[in-house]
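Engineer: Quick one, fold the following:
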Amino acid sequence: MTYKRADRVADSVKVALSQILLHDVRDEKLALVSISDVAMSDDLRQARVYFVPIGSAVEPDEAKEHLERAAGFLRRELGRRVKLKYVPELRFFYDQSFDYGERIEKILSDITE
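Structural biologist: Presented below is the predicted three-dimensional model:
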């Protein structure tokens, strides 16, 4: 199985962004956000960053707002950690798959009761 370069770079970007959010960001709201996936464009100039708020302390819209405000800082730090010709533009999207999984889990637990 072969992987496109964009997929390999997306994995590196995901790891780097996760570390930046965990260790380098001062905003407490961003400390409660987890990066679930990153999808890169084929030319590596844009990254779709999928996130999930941890717990109920931060709403998805609020988390997206904080991420967009910190996008410049995140790009700068990303450029220092991941060596690319161009640092990708970051676009943030709430990952709804976790909500879907929770809903299915609730339905299954209701059925077993």
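Engineer: what's the nearest residue to I54 once chain neighbours are set aside in contact with, if anything?
Structural biologist: Spatial nearest neighbour of I54, chain neighbours left out: L32 (4.9 Å); criterion: CB to CB, 6 or more residues apart in numbering. In this view, the C-beta of every residue, glycine as well, is placed from N, C-alpha and C. Shown in contact with L32 (CB atoms under 8 Å, 6 or more residues apart in numbering): 53-55, 57-58, 63.
Engineer: Which parts of this structure are helices?
Structural biologist: Along the chain, counting by DSSP state H, helices occupy 5-23, 28-31, 60-69, 71-81, 97-112.
Engineer: Any chance of TSV for the ones you listed, columns distance to V38, mean pLDDT and mean neighbour count?
Structural biologist: Listed next are the helices of the chain as TSV, based on distance: least, CB to CB, whole Å; pLDDT from 0 to 100; neighbours: other CB atoms under 10 Å:
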stretch	distance to V38	mean pLDDT	mean neighbour count
helix 5-23	4	90	16
helix 28-31	16	81	16
helix 60-69	13	89	16
helix 71-81	10	91	15
helix 97-112	14	78	10
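Engineer: No more questions from me, cheers.
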